[in-house]
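Undergrad: Sequence and predicted structure below; questions after.
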There are 6 protein chains.
Amino acid sequence: MILIISLVFSLFSFSHASVLDFCVADLAGPIGPAGYSCKKPSKVTADDFAYSGLAIAGNTSNIIKAAVTPAFDAQFPGVNGLGISAARLDLAGGGVIPLHTHPGASELLVVIQGSILAGFISSDNSVYIKKLNKGDVMVFPQGLLHFQINAGGSSALAIVSFSSSNPGLQILDFALFKSNFPTPLIVETTFLDAALVKKLKGVLGGSG
Amino acid sequence: MILIISLVFSLFSFSHASVLDFCVADLAGPIGPAGYSCKKPSKVTADDFAYSGLAIAGNTSNIIKAAVTPAFDAQFPGVNGLGISAARLDLAGGGVIPLHTHPGASELLVVIQGSILAGFISSDNSVYIKKLNKGDVMVFPQGLLHFQINAGGSSALAIVSFSSSNPGLQILDFALFKSNFPTPLIVETTFLDAALVKKLKGVLGGSG
Amino acid sequence: MILIISLVFSLFSFSHASVLDFCVADLAGPIGPAGYSCKKPSKVTADDFAYSGLAIAGNTSNIIKAAVTPAFDAQFPGVNGLGISAARLDLAGGGVIPLHTHPGASELLVVIQGSILAGFISSDNSVYIKKLNKGDVMVFPQGLLHFQINAGGSSALAIVSFSSSNPGLQILDFALFKSNFPTPLIVETTFLDAALVKKLKGVLGGSG
Amino acid sequence: MILIISLVFSLFSFSHASVLDFCVADLAGPIGPAGYSCKKPSKVTADDFAYSGLAIAGNTSNIIKAAVTPAFDAQFPGVNGLGISAARLDLAGGGVIPLHTHPGASELLVVIQGSILAGFISSDNSVYIKKLNKGDVMVFPQGLLHFQINAGGSSALAIVSFSSSNPGLQILDFALFKSNFPTPLIVETTFLDAALVKKLKGVLGGSG
Amino acid sequence: MILIISLVFSLFSFSHASVLDFCVADLAGPIGPAGYSCKKPSKVTADDFAYSGLAIAGNTSNIIKAAVTPAFDAQFPGVNGLGISAARLDLAGGGVIPLHTHPGASELLVVIQGSILAGFISSDNSVYIKKLNKGDVMVFPQGLLHFQINAGGSSALAIVSFSSSNPGLQILDFALFKSNFPTPLIVETTFLDAALVKKLKGVLGGSG
Amino acid sequence: MILIISLVFSLFSFSHASVLDFCVADLAGPIGPAGYSCKKPSKVTADDFAYSGLAIAGNTSNIIKAAVTPAFDAQFPGVNGLGISAARLDLAGGGVIPLHTHPGASELLVVIQGSILAGFISSDNSVYIKKLNKGDVMVFPQGLLHFQINAGGSSALAIVSFSSSNPGLQILDFALFKSNFPTPLIVETTFLDAALVKKLKGVLGGSG
């Protein structure tokens, strides 16, 4: 087999510009329905595909004794357009990730430390709850209300991943009580007492 | 131009069996992630593509003075796999479609009669509310909490369509209070009072 | 339950910029295969998600005694990227929406007023026709030739929705006779008479 | 580097059953919106991924002096679910592939022999026509009316591929004149003369 | 607010059968391009959405001192159709996950224990390599060759997730040397020496 | 039938700007995960949908006696966003397209001249090989290693198409030996000899 180097280089005509195996988010560029614009390939480095933000425990000194640290496209530009992203859940003793949905993705949770009680509710009002121990995995179908609660005495840690680089996160209590959703409308659309709504808005910072 | 009929019929080799312009749901067949199995083409008729179920007003003699009548794939097999479906909203005077989400689709509402106050909440807790009159259209992005309220004195009617033949429907109050979601877990994941939760479960028929 | 407001606000680290529950079209920005660029979230208001253009009857004083009023992404920027859009069909007495296709979406029609004869033709040349009355629904699978005809004495109204925010609309007669498609090519590819083609081009404004 | 064979085989736990790199169509199984059911992997052979049906020239002894030979999923089960398929176009001297659409796919044509005049019409009634010589490529966007005409003296051959394993094929003249689409409705929805419609139905075998 | 229980239950007409928020795999049913058939909703339990198979360390007593334990749809039926799955990577000291691709998904890796050197190669032959420590995340775009190597003295553990419930896994050395890919063809298509190919086939169990 | 020209032109309200039947790539504009930005419709001509680059035989005077000439979106802007593209394979006598993958698309090959031995390897290390003659078609599922070898005495030609406008192309030997993938890492992740790796890097121009 005789190999002639000089010929090899002209073998294929692809220029660098035509390569789109990935689309690292250019956070300053235009955004479209499919995600952020792509960083120029010549400026992409290995650092774009790695993220250290999940290595640090979230601050759980708060009312829910829990923290969610996202690695979505806005934080981790390398996932843009790849249909995947992640987050870190820290749950101190008694910690709770309140009922929430991800409008744009299904979620897969892996317990890294401690034990977690997790569940979701389906469109026909069935409730699926599991106690998960270290190493256990649970999946939450797209758009359904779900929660995670520390089910052990000490702190718990979970890594979650999503079927989108931009899954969204709608926390029920924040949507209701940390927004400017007018109290009369909340009462009318949820059957909750106005007094309770006002109290929770006071706590969570909502208005209206 | 000489036309020879006998040759025409052998022009193209497609058999009927290879045609899949549509996939009318065979409700008795296996279901997969993309929807129901398709009815045999030879059994498909024009009736499969039409549905009269939305012609009849829903019964609004209930606590929300409202009714949702769906034309999803399970009711209207012709939409299976076509990425679209519909429903009818009837709102008597004072009627309310409580806060809910569609986990699998965006929704587009058209007011046919009366006026409707509608709104949704986004992942960053922004609230988008509009009063809609006859003929007005509003869109609710996939998976976000939204509501519709009769904003006029008399009954209102809206036709809604969805970007999926199976959008799902998760009504917040039903998920919480018409399910067997254990009260202590509801309290822990929503900040609501146990007493209120129990009261609403009593009303809506929940257990646990 | 002790609630500490000051801690709540640092709970989640999402900035507004990372939220992409929706992508209201920036009609002045670049367009890509998935749709228009997104308006900056800080400029999005409730008005972006509502549209009043379908509240007004289209002008049916024309040869087809009918009008199509679209609420696609170009008219109704809120639907951009959400996989749904709508249009209003007005059919005066004797009105006809001529044979047409939507290259990019399936269509779902709801009769709001009057009665409509509608139908489509599939790849195997089967014809599916239904007479639809007020409240009836019909679905037209993506890309297939279909039509709507006023089937009653007085005017008819239908609201249609599409499984795309940009369904496209190719009206057969306009494609042939309102374009500059050269007459000899039309004759060659449709079996129609040149004389007829020229006559219809004269009527509809085509050239070539 | 010490290599121990006996350990290698227990390295990964995938069973054959879990592999779904492809989904060769089981033409006898249920069909869903995403395509045919998959043949059992153990029965799949290399033959499933190859097809010889395009090696044979289609019979062009017909009124259009042309033939379309498809290699869609129903003919070539290996493409099922892979988002691609193909067909062969044979055009004798004077041959024409009449105006048609593919409701479910874009088309890419490569001229293998002879020269071909091809074109399509867009939603805004613009006409895009090109004369293509041997080796030239043309693309026809999904769902738009297009045609191919032999532009040389001798026979022409093209290979076309589609962005779906089941692109569909709706030939305008066949939809109108080889179907049972009632003549009065054709006249009403196309502006064509009833006499012409009846004549073409006579030629092409339509009824109604 | 007067609540009337008896009316509540007739509010919405959805039967259980119409609910398709998820599609737990029926491993015995037909498979289609979009995944496994769905288990009947009435048989679905919370256990279907959880999986304990990743809690157990894989056996790393093998030539690569590493193990991959998948939680794809075939092992974890709850992820079917949800666009996500996971796996566990165990790397003993000196452990290596050899060059491989996932034909059907992008991969996101989180280091749980130890440190890992990971990298991938793009279509333009650029190499992106990162040393990852505990908590670091890296993403590998769909279909590209990538690897993971234990970069510390002791064992390392990573959890990976995928943007598909069935990502596939093609290990380069296994494809070449653990298959029956004929040696002359390997030599011809890879530039490798026949002697080396035969030696590696001997080690890995390939034939041909 | 009375036709009134003056009314026709006001029939439909679509402006040219709203038409998005296609999205011809603006190679100078921003790129997103779904492809290039669209050229302004007013600047699109028929030339954008045709490409002559595959009419010219590739230069096979190289070590593999073969050439790949792509018509992807970067070369052929008309395919942008349409889910299809093409390439031309020229194989001189003894020519080989070495083992490679397309990370983003399935491939369909049609033999135009000569005969070709082609094959691919699946995730479970099964090898599917076929000898293809003129007119034969073969499909290669997305992301799997495959090859094509001239199986006749004289030159062979194939046209291939892809289920994406940007399929990518990762040639195994180029990824390993024409990149700067460090030799020790190649050895560690492939079981190949360092000496061989260095030799092939010398031939193909790799470094590291």
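TA: Yes, it's here.
Undergrad: What is the neighbour count of A:G53?
TA: 17 (other CB atoms under 10 Å in any protein chain shown). Just so you know, the C-beta spots here come from the backbone N, C-alpha and C atoms, and that holds for glycine as well.
Undergrad: and the lengthiest helix in chain A, average pLDDT?
TA: Ranked by residue count under DSSP state H, the longest helix found in chain A is helix A:194-204. Mean pLDDT, helix A:194-204: 96.
Undergrad: likewise stretch A:21-38?
TA: pLDDT averaged over stretch A:21-38 gives 96.
Undergrad: again with stretch A:89-106
TA: 97.
Undergrad: do it and chain F meet at all?
TA: No. Counting by CB under 8 Å from any CB of the partner chain, chain F has no neighbours in stretch A:89-106; the shortest distance is 13.9 Å.
Undergrad: Can you get me the start-to-end distance on that stretch?
TA: Distance between the two ends of stretch A:89-106: 16 Å, counting by CA to CA, to the nearest Å.
Undergrad: Then stretch A:74-89?
TA: Note: stretch A:74-89 ends 18 Å apart using CA to CA.
Undergrad: ditto for stretch A:40-51
TA: End-to-end distance (CA to CA), stretch A:40-51: 19 Å.
Undergrad: So what touches that stretch?
TA: A:16-17, A:19, A:22, A:24, A:26, A:39, A:71, A:75-78, E:119-120, E:124, E:128-130, E:132, E:136-140 (CB atoms under 8 Å, 6 or more residues apart in numbering or on different chains).
Undergrad: so of these, which ones are in strands?
TA: A:71, E:119-120, E:128-130, E:132, E:137-140 (DSSP state E).
Undergrad: got the CA positions of the longest helix of chain A in CSV?
TA: Extracted in CSV, the C-alpha atoms of helix A:194-204 (Å, rounded to 0.1, in the frame of the first residue of the first chain):
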residue,chain,number,x,y,z
ALA,A,194,-58.0,34.7,49.3
ALA,A,195,-56.6,35.0,52.8
LEU,A,196,-54.2,32.1,52.2
VAL,A,197,-53.2,33.5,48.8
LYS,A,198,-52.4,36.8,50.4
LYS,A,199,-50.4,35.2,53.2
LEU,A,200,-48.4,33.1,50.8
LYS,A,201,-47.8,36.1,48.5
GLY,A,202,-46.5,38.0,51.5
VAL,A,203,-44.1,35.2,52.2
LEU,A,204,-43.0,34.6,48.7
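Undergrad: Minimum distance to chain F, which residue of chain A gives it?
TA: A:G81 (2.8 Å; CB to the nearest CB).
Undergrad: returning to that earlier point: of the ones in strands among the contacts of stretch A:40-51, which is the most crowded?
TA: Neighbour counts for the ones in strands among the contacts of stretch A:40-51, by other CB under 10 Å, peak at E:F140, which reaches 29 neighbours.
Undergrad: residues contacting that residue?
TA: So E:F140 contacts A:49, E:102, E:106-109, E:118, E:120, E:146 (CB under 8 Å, 6+ apart).
Undergrad: anything in stretch A:115-134 near chain B?
TA: Yes. Applying CB under 8 Å from any CB, one finds stretch A:115-134 in contact with chain B at A:117, A:119, A:121-123, A:125-127, A:129.
Undergrad: If you tally nearby residues, what's the number for the nearest residue to A:Y51 once chain neighbours are set aside?
TA: Leaving out its chain neighbours, the residue that sits closest to A:Y51 by CB to CB, 6 or more residues apart in numbering or on different chains is A:F76, at 4.1 Å. Neighbours of A:F76 under the rule other CB under 10 Å: 26.
Undergrad: ok, now how distant is A:F76 from F:I84?
TA: 31 Å (CB to CB, to the nearest Å).
Undergrad: same deal with A:T190?
TA: 49 Å.
Undergrad: Please identify which of those two sits among more neighbours.
TA: F:I84 (29 against 24).
Undergrad: wait, that one sits on F:S161?
TA: Yes. With contacts counted by CB atoms under 8 Å, F:I84 reaches F:S161, the gap being 6.3 Å.
Undergrad: just the strands in chain A please.
TA: For chain A, the strands defined by DSSP E occupy A:31-32, A:35-36, A:50-51, A:66-71, A:85-91, A:96-101, A:107-113, A:116-121, A:127-132, A:137-140, A:146-150, A:156-162, A:170-171.
Undergrad: Could you export those to CSV, including columns for distance to A:L185?
TA: Below are the strands of chain A laid out as CSV (distance: least, CB to CB, whole Å):
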stretch, distance to A:L185
strand A:31-32, 30
strand A:35-36, 33
strand A:50-51, 39
strand A:66-71, 27
strand A:85-91, 30
strand A:96-101, 19
strand A:107-113, 29
strand A:116-121, 23
strand A:127-132, 27
strand A:137-140, 28
strand A:146-150, 24
strand A:156-162, 30
strand A:170-171, 17
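Undergrad: which residues sit in contact with A:P184?
TA: A:A194.
Undergrad: tell me the pLDDT at it?
TA: pLDDT at A:P184 comes out at 97.
Undergrad: Quickly note the distance from it to chain D.
TA: Plainly put, A:P184 is 43 Å away from chain D if you go by CB to the nearest CB, to the nearest Å.
Undergrad: Check the spacing between that residue and F:H100 real quick.
TA: A:P184 is 64 Å from F:H100, by CB to CB.
Undergrad: Equivalent analysis for A:S163, please.
TA: From A:S163 to F:H100 the distance is 28 Å (CB to CB).
Undergrad: Comparing the two, which shows the higher neighbour count?
TA: A:S163 (28 against 22).
Undergrad: Look at A:S61 and say how many residues are nearby.
TA: So A:S61, with other CB under 10 Å, has 11 neighbours.
Undergrad: Could I get the pLDDT score of it?
TA: Predicted confidence (pLDDT) for A:S61: 96.
Undergrad: A:Y51 now?
TA: A:Y51 is given a pLDDT of 98.
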